[in-house]
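In: Sequence first, predicted coordinates after that:
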Amino acid sequence: MSSMAAQIAAAAGFAVVAVGLSMRMGLGLGREIAVASVRAGVQLAVVGAAIALVFRYPALAFVFVAVMLTTAGLTAGGRLHGLPRARLRALVAIAVPALTATGALLLVGAFDLTARSAVPTAGILIGGALAATTLTGRRLLESLHDEADEIEARLCLGDRAREALAPALRRAVTTGLIPVIDQTRSVGLVTLPGTFVGLVLGGATAGEAASTQLVVLLALVAVELAAGLLLTELTQRAVIEPGERIALPKRG
Amino acid sequence: MATPSVPDGMQARGVAVVLGGRRVLDGVSIGVPRAQVTALVAPSGAGKSTLLRALVGLVATDAGAVTLDGEDVRGLDACALRRRVGLVAQSPAMLPGSVADNLRHGVDGLSEADLLAALEASSLPAAIADRAARELSGGERARVALARALTREPELLLLDEPTAALDADSARRIGETLRGLRERGLGICVATHDAAFVEAWADRSEHLT
């Protein structure tokens, strides 16, 4: 049996075990796990075929990245209920830092300037920016509602609207960055991250895997911070009105 | 001999405010002269809080004009306006930190003497300065919010239901505080539906229907 066939068989086996356990314990998750497993298989098969096409026709890399960005913008924006033009703002917050960092990594030679390198690099950075944008945005929208009285008190004391919003924005950006900071701190101690594992399983040396993982992790920290800051800036522009007024978004 | 100009404080003429598609205020006119305590009397839900917020530009007006000493407030810097005209909300939010931190917020170089004077003018003991602002009782918060507004040296003060949820003794101390501020020339507007407070402490009334 080839290793690919063995992997697919093992994956199916684990799915069957999870479904069986769920049914046995009466958790009511059996159908959901089965659907998610099949869906993951189909999605990965489609992605695999699409990436094979990109490797064959490198110009398609731009289309692939555009699809990833659009999906990320729609996903994050869909979770930011109440923020005007949330999907567009989320798309900008994700795309600008993720594409800038991808371009920088390719230009300095950290990765080969090829579609084979560019697509996965962009993918992992877009994924990180998506997570940070969603987390930062949701925390910010909650703060704007929960701390409305405090924000108004600051305005009454003569603060500029940006000054009045600053504490809520800082807390939101901090919250959005916690997962990637924890991931960076605990790398190798608690978990072996995906890039490292994938490279080692693919035959790279441990040193190569470690240096690649390091640059990916630290790029993620910078990209996620930039995405969070960009989203908070775009949110400020959405809620601050002339005359140092703040129009709070409707609660989602 | 030239007649000295008399500052006329704040005037709202024909003010309308629409919030969330609902007309909350429609053609409201009131005056808040200096050196007087003006009671803004209206039943609950009549838009008193919205009017006070509109006077300092926290909500946009859809019609009418608000003037301060005859000057349209839309031509003033909003932050400067809110320092000249202090608004104390019904349930004022305390900022993080101590009472002193709250009073010093946004006021560069506030002296200890000025801080204590603001506390005293609000009937608060000096010892409260070091207490955590968010751990105070409702009555203490109301007076700290008043002291906090005073550290900006406002010309007018707008107070939204300052005696709500206060016992009679605390309400009396608020009234005495306002009377003291009036003697110093401040114009004060108290939005309330507390008829006894109006009777005891207000110089004049404006009715919002």
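Out: That came through fine.
In: interface residues of chain B facing chain A?
Out: Residues of chain B lying close to chain A (CB under 8 Å from any CB of the partner chain) are B:56-60, B:74, B:78-80, B:82-83, B:86-89, B:91-96, B:105-106, B:145, B:148-149, B:152. Every C-beta, even on glycine, is put in place using the N, C-alpha and C of the backbone.
In: from these, which ones fall inside helices?
Out: B:A78, B:C79, B:A80, B:R82, B:R83, B:A145, B:R148, B:A149 (DSSP state H).
In: What is the neighbour count of the last one?
Out: The local packing count at B:A149 equals 26, with neighbours defined by other CB atoms under 10 Å in any protein chain shown.
In: For it, give me its contacts.
Out: By CB atoms under 8 Å, 6 or more residues apart in numbering or on different chains, the contact list for B:A149 reads A:C156, A:L157, B:G86, B:L87, B:V88, B:L157.
In: try 10 Å this time
Out: By CB atoms under 10 Å, 6 or more residues apart in numbering or on different chains, the contact set of B:A149 is A:156-158, B:82-83, B:85-88, B:92, B:103, B:118, B:122, B:157-159.
In: picking up where we left off before, kindly write the PyMOL command that selects the buried subset of the residues of chain B next to chain A.
Out: Buried members of the residues of chain B next to chain A, defined by 16 or more other CB atoms under 10 Å in any protein chain shown, are picked up in PyMOL with:
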select buried, chain B and resi 56+57+58+59+78+79+82+83+86+87+88+89+92+93+94+95+105+106+145+148+149+152
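In: So for the helix or strand A:E142 falls within, mean pLDDT?
Out: Remark: A:E142 resides in helix A:115-146, with elements defined by DSSP states H and E. Averaged across helix A:115-146, pLDDT comes to 94.
In: Could you name the helices and strands sitting against that helix?
Out: If contacts are counted by 3 or more CB pairs under 10 Å, 6 or more residues apart in numbering or on different chains; DSSP states H and E, helix A:115-146 sits against helix A:30-56, helix A:60-78, helix A:86-107, helix A:148-156, helix A:161-186, helix A:194-201, helix A:206-239.
In: Quick one: closest of the ones you listed to A:A247.
Out: Of all the helices and strands packed on helix A:115-146, helix A:206-239 sits nearest to A:A247, with 5.6 Å by CB to CB.
In: Which strands and helices lie in contact with the next helix or strand after the closest one?
Out: Going down the chain from helix A:206-239, the next helix or strand is strand A:240-241, by DSSP H and E. Other elements packing on strand A:240-241 under the criterion 3+ CB pairs under 10 Å, 6+ apart are helix A:161-186.
In: The helix it packs on close to chain B?
Out: Yes - for helix A:161-186, a contact with chain B is found by CB under 10 Å from any CB of the partner chain, at A:A161, A:E163, A:A164, A:P167.
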